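**Student:** below is the sequence, then the predicted model.
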Amino acid sequence: MINQPPKIVVITPIKNEAWILERFLAVTSQFADCIIIADQNSTDGSPDICKKYPKVILIKNDSEEFNEAERQLLLIKTARELVLEHKIILALDADEILAANAIKTSGWQSMLAAKPGTVLYFEKPDLFLTPYRCIRYSTPWPVGYVDDGIEHKPNKVHSIRIPRPDYATKLYINDVKILHYRLTRPGAEASKIRFYSVLENVLNSNNNFLSRRRRYASNINWIAAGIPENSPLEWFAGWKKIGIDMTSIIDSKYHWWDFEVLRYFEKYSLKKFFLDDIWDSEFIWDFDWEECRKHAKSLGMNGIPDYEIKKLPKIFTLFVRLLTRVYLSLRDSSLTFK
């Protein structure tokens, strides 16, 4: 009996991903046997885009809360119920798109030949401001699993997306790149960073506000993770040849993460978040929450505060910023002498 190649099942959570979803589904349809999309209450037409692609199975994530564990378990459970054959699960976000030269590499063939219980690691270069520039990383990401049915044990926030049992084999696929489009929209990334700071405050998953400010800094340091270089043309050429737009970027002034933060303001009060680094940027992304609130109100959104959101006193934000710098300096010094 001839062994059949594994099915490739891509699992993806979405919420208001219309800006990139056409590109993601057009590319992913070229290599995946099945694309399972869990939509969490999108309002931008994302579900309608999904329905245009025959390989997509659209399911609903009805949760009103942000919970990575819940959505990962939903997606993996659905993949296992719908695809009973030997399969590879690739857990990709909608802004993570396979490079065009990937399926012709020896690494791709190694992936297809890997045994169940293998965790698949890939480099995810960040496309920087434009798809033609990128930031490269030496540390690969675990986003694939040759499925053996083992239980997945995720976290609510910043969770690894696939199972990683102790017995798993690790396969590093160095010649396959997953192109990450997040830094092509720096304003959107800043919005997401603010949201994560507020979320970890609410979940009590990072109680130390200084630690939160370090991780979710509003300054430019979070984007300067490396030195940008030119993106190899082979990452795009094959997809562009078959008519897939790989370069246009759609952005907006406000993003759904901003509106979620406003809802947290309404639910928990502003005071709970005074120490989070979401108010006064030291560099380029000062954000006007009052203007955002007015915009949300003009759209008739629910759960948005009725009161004016005033900027915090400058002396307060300067003091907290100084305190953060002292904390980081002491922390770094402590690590140096250990």
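**Tutor:** Ah, there it is.
**Student:** longest helix in the protein, please.
**Tutor:** In the chain, taking DSSP state H as the definition, the longest helix is helix 314-336.
**Student:** list the buried residues in that one.
**Tutor:** 317, 320-321, 324, 327 (16 or more other CB atoms under 10 Å). Every C-beta, even on glycine, is put in place using the N, C-alpha and C of the backbone.
**Student:** output these as TSV; include the columns distance to Val198.
**Tutor:** Shown next, in TSV, are these (distance: CB to CB, whole Å):
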residue	distance to Val198
Thr317	16
Val320	15
Arg321	18
Thr324	17
Tyr327	20
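**Student:** between those, which is nearest Leu75?
**Tutor:** Thr324 (36.5 Å; CB to CB).
**Student:** ok, that closest one touching Arg212?
**Tutor:** No - checked against CB atoms under 8 Å, the pair Thr324 and Arg212 is beyond contact range at 9.8 Å.
**Student:** so what sits against both of those two?
**Tutor:** Contact criterion CB atoms under 8 Å, 6 or more residues apart in numbering; residues shared by Thr324 and Arg212: Asp277.
**Student:** what is the neighbour count of the residue lying closest to Glu234 once chain neighbours are set aside?
**Tutor:** Nearest residue to Glu234 in three dimensions, chain neighbours excluded: Asn101, at 4.4 Å (CB to CB, 6 or more residues apart in numbering). Neighbours of Asn101 under the rule other CB atoms under 10 Å: 19.
**Student:** any idea how far Gly107 is from Asn101?
**Tutor:** 11 Å (CB to CB, to the nearest Å).
**Student:** now Glu291
**Tutor:** Relative to Gly107, and taking CB to CB, Glu291 is found at 47 Å.
**Student:** same question for Gly243.
**Tutor:** 26 Å.
**Student:** these two: who's more crowded?
**Tutor:** Higher neighbour count among Gly243 and Gly107: Gly107, with 19 against 7, using other CB under 10 Å.
**Student:** element containing the more buried one?
**Tutor:** Using DSSP states H and E, Gly107 sits within helix 106-113.
**Student:** again with Thr12
**Tutor:** Here Thr12, judged by DSSP H and E, is contained in strand 7-14.
**Student:** list of residues touching that strand?
**Tutor:** 21, 24, 28, 31-40, 42, 46, 50, 61, 71-72, 75-76, 78-79, 83, 85-94, 161.
**Student:** what about it, average pLDDT?
**Tutor:** Average pLDDT, strand 7-14: 98.
**Student:** C-terminal to it, what's the next element?
**Tutor:** That would be, after strand 7-14 and using DSSP H and E, helix 18-28.
**Student:** which neighbouring elements make contact with that next one?
**Tutor:** Packing partners of helix 18-28 (3 or more CB pairs under 8 Å, 6 or more residues apart in numbering; DSSP states H and E): strand 7-14, helix 46-50, strand 96-98.
**Student:** among those, which is nearest Tyr167?
**Tutor:** Using CB to CB, the helices and strands packed on helix 18-28 put strand 7-14 closest to Tyr167, at 21.7 Å.
**Student:** and the closest one, which strands flank it?
**Tutor:** Here strand 7-14 is paired, per DSSP bridges, with strand 34-39 (parallel), strand 87-91 (parallel).
**Student:** tell me where the model's unsure across the stretch 101-250 of the chain.
**Tutor:** Counting by pLDDT under 70, the stretch 101-250 of the chain contains low-confidence ranges at 218-225.
**Student:** and if we set it to 50?
**Tutor:** Applying pLDDT under 50 to the stretch 101-250 of the chain flags the ranges 220.
**Student:** what is the orientation angle of the longest strand that the chain contains with helix 106-113?
**Tutor:** Ranked by residue count under DSSP state E, the longest strand found in the chain is strand 169-180. Between strand 169-180 and helix 106-113, the angle comes out at 130 degrees (axes from the mean of the first three to the mean of the last three CA atoms, to 10 degrees).
**Student:** if I look at the nearest residue to Phe273 once chain neighbours are set aside, how far off is Arg321?
**Tutor:** Once flanking residues are discounted, Phe273 sits nearest to Val198: 5.8 Å by CB to CB, 6+ apart. Distance from Val198 to Arg321, counting by CB to CB: 18 Å.
**Student:** next one: Lys60
**Tutor:** Taking CB to CB, one finds Lys60 at 42 Å from Arg321.
**Student:** and what of Thr184?
**Tutor:** 28 Å.
**Student:** tell me the helices and strands packed up against the longest strand of the chain.
**Tutor:** Under the contact definition 3+ CB pairs under 8 Å, 6+ apart, strand 169-180 sits against strand 96-98, helix 106-113, strand 118-123, strand 126-127, strand 141-146.
**Student:** what comes up buried for that strand?
**Tutor:** 171, 173, 176-180.
**Student:** what do you get for stretch 155-166?
**Tutor:** Those would be 160-163, for stretch 155-166 by 16+ other CB under 10 Å.
**Student:** ditto for stretch 296-305
**Tutor:** 296, 304-305.
**Student:** what residue lies at the spatial centre of the chain?
**Tutor:** In the chain, the C-alpha nearest the mean C-alpha coordinate belongs to Asp93, at 5.9 Å (CA atoms, centre = their mean).
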